[in-house]
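need coordinates for the following:
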Amino acid sequence: MTTLTALLAVLSGSAVGFTLGLVGGGGSILAVPLLVYVVGVPNAHVAIGTSAIAVAISAAANLAGHARAGTVKWPCALVFAMAGVVGAAAGAQLGKMVDGTRLLAAFGTLMIVIGLLLLRARKSGGDPDVTLTAASVRRLLPWLIGIGFLVGLLSGFFGIGGGFLVVPGLIGATAMPLINAIGSSLVAVTAFGLTTAASYAVSGLVDWPLAGLFILGGALGGLLGIRLAGHLAGHKNALSRIFAGIIIAVGLYVVARSLWL
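From the prediction side, this is the model:
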């Protein structure tokens, strides 16, 4: 690995971490395009495997903070994550079977869809007392398992954390408040990332030194993003819309590059 490649990996990781810290989610979807088009990873599958471990570790670090704040609905989160791990394992196997260029084209298309979804304002309502108990299990369990599996499948296939899918998935399955869905989603994002990374690592598709540099950059960028977010708290909606626009633009670029190659 050259010095320039190492520097670009740290800077790319910083960009992802900064975005996560600033707007609170979605930044991990930039990891694969950055690794391919900025760092210069020639193999799309290696980029996916490498980004998966970086996303998982970043999510685990954020989960610790949410756990201390008491925003994690653990029973719901664990069931959702366990169902999703099965989906992520299947998705990772499917992803490795798809040609790298086609996989990037599909990834770019997903980015465009996600960018459009992020433009929709999130509502903060919900049932703060919802939990998985003997009384609610028959109502909540099928939704948690079904939606968890589907979200995990997409996460594993594209090698992304999937937090932008997990959050609405948890709200749809349980009607929990947004703050609880965000905290609880990190359980699933950590589990999905580790599952996907393990699958790709077994196939020799993880660049571990590159992942370490990416994680280092993500930690530094996250600190800056969180600090700036405190100063721009009143402009969160505007920041989220700008970020959604960036996601759509990058998605269009990824699709265009994939079609031209």
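
quick one: the strands in the stretch 1-150 of the chain?
Under the criterion DSSP state E, counting those that start in this stretch, the stretch 1-150 of the chain contains no strands.

low-confidence stretches in it?
23-27, 121-125 (pLDDT under 70).

can we see that at 90?
Residue ranges of the stretch 1-150 of the chain with pLDDT under 90: 1, 15-31, 54-71, 100-104, 107-108, 110-111, 113-135.

what sits against the spatially closest residue to residue 43 that is not a sequence neighbour?
Distance criterion Cβ to Cβ, 6 or more residues apart in numbering; nearest residue to residue 43, sequence neighbours excluded, is residue 100 at 6.4 Å. Glycine gets a C-beta too; all of them are placed from N, C-alpha and C. By Cβ atoms under 8 Å, 6 or more residues apart in numbering, the residues touching residue 100 are 43-45.

ok, 10 Å please
36, 42-48, 258, 261 (Cβ atoms under 10 Å, 6 or more residues apart in numbering).

from those residues, which land in helices?
44-48, 258 (DSSP state H).

OK, contacts around residue 71?
So residue 71 contacts 65, 176-184, 186 (Cβ under 10 Å, 6+ apart).

show the backbone phi and psi for it.
With angles defined as degrees, to the nearest 10, residue 71 sits at phi -90, psi 0.

please name the nearest non-neighbouring residue to it.
Nearest to residue 71 is residue 183, by Cβ to Cβ, 6+ apart, at 3.3 Å.

what helix or strand is that neighbour located in?
Using DSSP states H and E, residue 183 sits in helix 178-202.

in that helix, which residues are buried?
178, 180-201 (16 or more other Cβ atoms under 10 Å).

now swap in stretch 73-87 and tell me
73, 75-87.

now do stretch 221-237
Quick answer for stretch 221-237 (16+ other Cβ under 10 Å): 221-222, 225-226, 229.

next one: stretch 52-71
52-63, 66, 71.

circling back to that earlier point, can I get the contacts of residue 100 in a markdown table including neighbour count and distance to residue 133?
Rendered in a markdown table, the data for the contacts of residue 100 read as follows (neighbours: other Cβ atoms under 10 Å; distance: Cβ to Cβ, whole Å):
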| residue | neighbour count | distance to residue 133 |
| --- | --- | --- |
| 36 | 23 | 45 |
| 42 | 8 | 51 |
| 43 | 14 | 47 |
| 44 | 23 | 44 |
| 45 | 21 | 42 |
| 46 | 20 | 44 |
| 47 | 29 | 42 |
| 48 | 31 | 38 |
| 258 | 20 | 47 |
| 261 | 9 | 52 |
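
from residue 203, how far out is the residue nearest to residue 1 when sequence neighbours are not counted?
Nearest non-adjacent residue to residue 1, counting by Cβ to Cβ, 6+ apart: residue 209, 6.1 Å away. Between residue 209 and residue 203 the distance is 18 Å, computed by Cβ to Cβ, to the nearest Å.

nearest the middle, which residue of this structure would you pick?
The centroid of the chain falls nearest to residue 161 when counting by Cα atoms, centre = their mean (2.5 Å).

pretty sure it sits against residue 192.
Yes. Contact criterion Cβ atoms under 10 Å: residue 161 and residue 192 qualify, at 6.6 Å.

any shared contact partners between those two?
Shared contacts of residue 161 and residue 192, counting by Cβ under 10 Å, 6+ apart, come down to 52, 55-56, 59, 155.

tell me where the stretch 51-200 of the chain has helices.
Per DSSP state H, counting those that start in this stretch, the stretch 51-200 of the chain carries helices over the ranges 74-97, 100-118, 137-158, 163-174, 178-202.

in CSV: those helices, plus distance to residue 32.
What follows is the helices of the stretch 51-200 of the chain, written out as CSV (distance: least, Cβ to Cβ, whole Å):
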stretch, distance to residue 32
helix 74-97, 11
helix 100-118, 6
helix 137-158, 8
helix 163-174, 14
helix 178-202, 12
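
which one of these lies closest to residue 239?
Of all those, it is helix 100-118 that lies closest to residue 239, at 11.1 Å by Cβ to Cβ.

run the angle between that closest one and helix 163-174 for me.
60 degrees (axes from the mean of the first three to the mean of the last three Cα atoms, to 10 degrees).
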